[in-house]
Structures are given as C-alpha cells and as structure tokens.
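Chemist: Dropping the sequence and predicted coords here.
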Amino acid sequence: MMPAEAPRNLAELALHSAAQAPDKVALRVPVLGQFKSVTYAEFLVRMRRMAAALQEQGLQPGDRLAIYSENCVEWALADWAAQSLGLVVVPIYPTLPPDQAQFILNDSEARVVLTGSAVLNDKVAGRTAARAMRLREDPVSLAARAEVLDLEDTAWRAGIAQIKESDPATIIYTSGTTGTSKGVVLPHRGFVRLVQAIRETIDLGPNDTFLCYLPISHVFERMAGHVLPIGLGATIGYAQSLTTLMSDMQEIRPTVLLAVPRFLENARDRIIDAANKQSPLRKHLFHLMIAQGTARFYGRPAPLFGLLDRLVGEKVRARFGGRLRFFVAGGMALPKHVADFYLAFSLPPLQGYGLTETYGPCSVNLPGNNRPHTVGPPLSTVEIKLADDGEILIRGSSVMDGYYRLPEETAQALDSEGWFQTGDIGKFDGDSLMITDRKKDILVLGNGKNVAPQPIENKLREQLHIAEAVLFGDSMDYVCALIVPDFDRLKSYAAQHGLGATDPVDLVGLEAIRGLIKSEVQSVNKGLADFEKVKRFELLNHSFSVDSGELTPSLKVRRKVVREKFQDIIARMQR
C-alpha cells in the first residue's frame, strides 16, 4: 500500500519505495560468507518486526535510542524501525573510548543503547542511565526478539503518518576536532528533501547498487549510503568487513561507492605498487595509461587511450566490481594527484562538501560536469554565500535545528536569518564552491602574514614518502611541520639503499631518511610564497590513530590534540 502523499518522514521514504517495487532487491546481506538478497517487501517486514522489539522496551515517540555498534544490517534495520516509531536515534562510533561513549549517552539522555558486541556492551552497561541491550548475536538481543514479535501493519502505518517532518530524527555528535563534541539535531525534513534534491540533480535511481562499508554512525554514510539508496529504491550491499572489502566488491558489484580520501589514496597506492612489480612492458603500459587517461579527461590529445583502456583500464575497473559509475568523495579534501589517477581510469570521484550540521552533502560535483578542484555547485536544498572574511555560510531546509541543549552554541552557529556559520573558508569558481581552509586553522605568523595550512598539508601528503603533515606557525617567524612518514615506503627505500633499518624509530633517525623527506618538502616549497614555505620540520616515529587521539573517528586530524601531545617538539622547531 502506497502512502497517500509524498514522503514527509524517513519511514515514509521506505514505505514509498516498497510500494513502487516490492519485489526489487533492497539489501544484500552477508550470511556465513554468502550474500542473501532481501526484497523491499521483506525489508518492510523486518523493519516492522524490529519496531515491535523496540516498542517492547517501552520506548515512546521522542525518546532517544543510541546505537553503539559496528556496521551490520541490524544497525540499519534498527534505525529504520526507530524512525517508524518516532524515536530519535543517537549513533555512537564503535571506536570511541568508553568515556566519550558515556558522555554521548548522558548528554543525549538516551533511554536505551543498542550494543553491537559483548566488548562494547561492557563499556557502557551500568555506567549511564541508558539501559544497555545487545543489538544482535545474543539470545535476548533486539534482533532475536524481532524474530518472534510483530506489529499490526495498519496500526504501524498509522503511527508513521503521525510523524511530522519537523520532528527530530537523529542527534549526531560532532567529532570534536575543535573542542567538546556537540549533539546536532537533525529533523526528518532535511533527509527527505535531500533525497528529492539528489534524485533531481544526479542520475541515480532504482538500478543503482551501493556498497555500505563506511561507518553508518557518520553523517556521510548515514545520509548518502543508508537513507539515499532506500529513498531511491536502489540496492544496498553490506560489506562483511574492511578486510574483505575488495572481494565483497566483486560480489556486490556496486555502481556507486562512497569513499573518503584515505581509502582512495590507499587503493591507488596498492594498484600502483602492484603495477610496478609487473614486467617492464606492463609497467610502462600502466603508467602510459595514466598519462593518456589524464590527458583525455582534461581535453588534451590522447591518441592511445582507447587501446590502453582495453589493455589496462578494464583490469583496474574490474578491481572495483566492473560496474562502478563513480565514487562520491567526502570527509576531507581529495589530493589532485589522487583524483587524477581515478579520472584516468574512468572512475571519476565526485567531490562534495558538507558537515554534520548540514546532513552531510550540501554541494557536489556532477557526473557530466566534474570539476575536481572544486566541491561542485550547491544542492537545491540550500543557499550558500561567503561572508566578508571568506567564511562559508549555509541556509536551507537541510540545515540542523541546532545543538542539543546548547542554546548559546546554537545562537553562535545560526544567525538570526538562519545562516549557519561553517567555520570553513572558501570561494566560488563560477557556480562551483572551492574550500580553501578552516577559519580556526589559519596560521597568523609573527610578522602578521596569514597562512592557510590545508593546501600546503595536502601538497605535502602528495609526496611519495609523506603520509601526514600538520603545520604550525602562530606567532612564529616561519611555518614548521610535524610529518608522519609513509613507513611502508620508507622500509622499501631503506632496503633498496642498504640502510639496514626497518623499525620506524630507527628509520626516522637516519640522516638519509631525513634527507629524503627534506627533498620532498623542498619540492613543495618551490611552489609557495616565501612566507608560506616550511622552514623546519620534525619526523614522528609513529602514525596518527583514533585510539591514540590524534584522529577523529572519521579520520580527521585533531589539531588541538596534536599540538598538545607534541608541544615539546613544536617548541624545539621554534628555536
């Protein structure tokens, strides 16, 4: 039965798609190493049964339900079921340490927290007012209760019809790169409007297949890889794990893949490393393919592209399942050399821009008009303008209502006319937006010069042996950098040059390694103004990680944490 009106809330999106094509495959779910297909009609039944299990817990419309779990189909079903009952879902990254998870549970006033494993359950059970319940893999889990419970369908649908588009659907906590995490209140309205806007803007529909592997806890995957496919009537395949991702692609054969830059960089590096181990002829053809494919994309002569694409390009595309139309890249800036690599193989990454406060996407490049140095034109759900200092301001139906229980912070972020102050600095190239830096990240040197660190950091990360770079320079006479080397490549370099070191601590202490990194820093410096050049740097002997606090769960660098943890090294560079 189809809803009488166009969808107004998240649950109605699912009802609408199921009514349009009940026998269409909605989900492909891993079961004991195989993928089981779930039709839209079956998806609705599983969603309704999960709603019955949630209702059994005594939850009422407006109550907060937290989900603290790794990705799994039960995560998705619990979310959809909660939306059908008017609950407010609070996702928690499974990688968050106990104190941060407990903070979110307390701050959101969650009544129940669904945990994805015994380990996660132990981190929160009995430590907050939220009642912990296993999501799956337990005899009394929510999924187990859903096997034996159900709701009367007419009454369930009548309850869905009472959920208003202005009702909150979720509270997503920011990653805390600049301070304490804040709960972003997102009503149903923005999700529904974004599905409509994306459908009208990009050629996406029921014939597309998405592969879910990024954390559903993050707004990017939640909107574009979880809500959007169901709203389109498309198919979602669930990766078994990150370690099986490439083999899962062969089975799911996605047409659209959401990706963060680190995934694209790592996949590119693996493909290049494998090609470099081939025979001299195959290696030559591979690199010639990159040159010809890049030339073709940018409108330069590429007479050998067709032949090379058949010999080389098809094999590279096969690694991603062979049907991929494009990546959607978000989360942070995608380095140009990485974008060009995929463009050469006709696997275009469509860069977009958005924040938790804007439900994720508010601008995105288009398949027929991909300008990889930009994040594309605004979607129809928002207006975007620049403040006098270049800060990006956003207003529209896909902007948050505010921060949960934080009226002062909300008033600072949303002005009286509804413009959200993003804290990002940008400019327009035609109708396409370009992100140039974070407002709070701008370095003010001792001589008064302002330096935008992100473009320089991105250029440093493009170097072969540099994995991460963080710039400093406030009140200093020059710019300096903390550099995390690419340790795998350093090991290869050391072996090739007989340096006799493999441990990161030993590697960064070698003068030859320091000289190698110095040459790459100098290569970047050649394209910078004198006051922007990195005059001093120090090498760290370990990678940044979420567990050690330097990275957010979405793999953004926490500058404040890095500055505090390595203040002695930074001070040494100032002398």
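Modeler: Yep, it's here. Note that the coordinates shown come from a computational prediction; the quantities given were computed from them, not determined experimentally.
Chemist: Quick check on residue 237: phi, psi?
Modeler: Phi and psi for residue 237, reported as degrees, to the nearest 10, are phi -100, psi 140.
Chemist: looking at it, it is touching residue 208, isn't it?
Modeler: No: assessed by Cβ atoms under 8 Å, residue 237 is found out of contact with residue 208, at 11.2 Å. The way it works is simple: take the backbone N, C-alpha and C, and place the C-beta from them, glycine included.
Chemist: Which one of those two is surrounded by more residues?
Modeler: Under the neighbour definition other Cβ atoms under 10 Å, residue 237 and residue 208 were set side by side, and residue 237 has more, 24 against 19.
Chemist: Low-confidence ranges, the stretch 151-300 of the chain, go.
Modeler: Scanning the stretch 151-300 of the chain for pLDDT under 70 picks out 176-179.
Chemist: which residues of it fall in helices?
Modeler: 153-161, 188-201, 219-221, 228-232, 245-252, 261-276, 280-297 (DSSP state H, counting those that start in this stretch).
Chemist: Mind putting those into a markdown table with mean neighbour count?
Modeler: Converted to a markdown table, the helices of the stretch 151-300 of the chain look like this (neighbours: other Cβ atoms under 10 Å):
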| stretch | mean neighbour count |
| --- | --- |
| helix 153-161 | 15 |
| helix 188-201 | 21 |
| helix 219-221 | 25 |
| helix 228-232 | 24 |
| helix 245-252 | 18 |
| helix 261-276 | 16 |
| helix 280-297 | 17 |
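Chemist: Quickly note the distance from the closest residue to residue 214 other than its chain neighbours to residue 206.
Modeler: Computed as Cβ to Cβ, 6 or more residues apart in numbering, the closest residue to residue 214 that is not its neighbour in sequence is residue 221, at 4.0 Å. Distance of residue 221 to residue 206, given as Cβ to Cβ, to the nearest Å: 20 Å.
Chemist: can you check residue 521 too?
Modeler: As for residue 521, its distance to residue 206 is 50 Å (criterion: Cβ to Cβ).
Chemist: More neighbours: which of those two?
Modeler: residue 521 (21 against 15).
Chemist: Could you list every helix and strand in contact with the longest strand anywhere in the chain?
Modeler: Determined from DSSP state E, the single longest strand within the chain is strand 420-429. Counting contacts by 3 or more Cβ pairs under 8 Å, 6 or more residues apart in numbering; DSSP states H and E, strand 420-429 packs against strand 382-386, strand 391-396, helix 407-413, strand 432-438.
Chemist: Pick the most buried one from these.
Modeler: strand 391-396 (a mean of 21; mean count of other Cβ atoms under 10 Å).
Chemist: Let me know the next secondary structure element after it.
Modeler: In the C-terminal direction, the helix or strand that comes right after strand 391-396 (DSSP states H and E) is strand 402-403.
Chemist: What is that following strand packed up against?
Modeler: Using 3+ Cβ pairs under 8 Å, 6+ apart, the elements in contact with strand 402-403 are strand 183-187, helix 407-413.
Chemist: re the thing from before, quick one: which of the helices and strands packed on strand 420-429 is nearest residue 117?
Modeler: Nearest to residue 117, of all the helices and strands packed on strand 420-429, is helix 407-413, at 33.0 Å by Cβ to Cβ.
Chemist: pLDDT below threshold where in the protein?
Modeler: Residue ranges of the chain with pLDDT under 70: 1-4, 176-179.
Chemist: Which of the helices or strands spans the most far-flung residue of it relative to its centre?
Modeler: Among the C-alpha atoms of the chain, the one most distant from their mean position (Cα atoms, centre = their mean) is that of residue 498, at 39.7 Å. Secondary structure from DSSP H and E places residue 498 outside every helix and strand.
Chemist: what about residue 309, which SS state?
Modeler: Recorded secondary structure, residue 309: helix (DSSP: H, G, I helix; E, B strand; the rest coil).
Chemist: residues touching it, list them.
Modeler: Applying Cβ atoms under 8 Å, 6 or more residues apart in numbering to residue 309 gives the contacts 289, 293, 346.
Chemist: Does the last one belong to a helix, a strand or coil?
Modeler: Assigned by three-state DSSP, the conformation of residue 346 is coil.
Chemist: neighbours of it, just the number please.
Modeler: Neighbour count for residue 346, taken as other Cβ under 10 Å: 18.
Chemist: Just give the closest residue to it, not the sequence neighbours.
Modeler: Nearest to residue 346 is residue 313, by Cβ to Cβ, 6+ apart, at 6.5 Å.
Chemist: and the one you found, what does it touch?
Modeler: By Cβ under 8 Å, 6+ apart, the residues touching residue 313 are 289, 293, 345, 346.
Chemist: now, the most widely separated pair of those residues?
Modeler: Farthest apart among the contacts of residue 313 by Cβ to Cβ are 289 and 346. That separation is 10.7 Å.
Chemist: Show which residues not belonging to stretch 281-298 make contact with it.
Modeler: Here stretch 281-298 makes contact (Cβ under 8 Å, 6+ apart) with 275-276, 278, 301-305, 308-309, 311-313, 340-341, 343-346.
Chemist: mind checking the SS state of the closest residue to residue 261 other than its chain neighbours?
Modeler: In space, and not counting its chain neighbours, residue 261 is closest to residue 334: 4.7 Å by Cβ to Cβ, 6+ apart. What three-state DSSP gives for residue 334 is coil.
Chemist: Quick check, residue 334 in contact with residue 352.
Modeler: No: in this structure residue 334 lies outside contact range of residue 352 using Cβ under 8 Å: 10.2 Å.
Chemist: Settle it for me: which of these two has more neighbours?
Modeler: Using other Cβ under 10 Å as the criterion, residue 334 and residue 352 rank with residue 334 on top: 25 against 22.
Chemist: show me the contacts for the residue nearest to residue 261.
Modeler: For residue 334, the contact set (Cβ under 8 Å, 6+ apart) comprises 261, 264, 349, 351, 372.
Chemist: same deal with residue 508?
Modeler: Contact partners of residue 508, counting by Cβ under 8 Å, 6+ apart, are 485, 514, 539, 540, 541.
Chemist: My guess is the fourth one contacts residue 483. True?
Modeler: By that I understand residue 540. Yes: Residue 540 lies in contact with residue 483 (Cβ under 8 Å); the separation is 6.9 Å.
Chemist: Distance check, residue 371 against residue 433.
Modeler: Distance, residue 371 to residue 433, by Cβ to Cβ: 10 Å.
Chemist: actually residue 115, not the one I typed
Modeler: From residue 115 to residue 433 the distance is 39 Å (Cβ to Cβ).
Chemist: Does residue 354 fall in a helix, a strand, or a coil region?
Modeler: Classified using three-state DSSP, residue 354 is strand.
Chemist: That one contacts residue 222, doesn't it?
Modeler: No: with contact defined as Cβ under 8 Å, residue 354 does not count as touching residue 222 (11.6 Å).
Chemist: among the helices and strands packed on strand 420-429, which is nearest residue 253?
Modeler: Per Cβ to Cβ, nearest to residue 253 of the helices and strands packed on strand 420-429: strand 432-438, 30.8 Å.
Chemist: and after the closest one, which helix or strand comes next?
Modeler: For strand 432-438, the succeeding helix or strand toward the C-terminus, using DSSP H and E, is strand 443-444.
Chemist: ok now do residue 314, which residues does it touch?
Modeler: For residue 314, counting by Cβ under 8 Å, 6+ apart, the contacting residues are residue 322.
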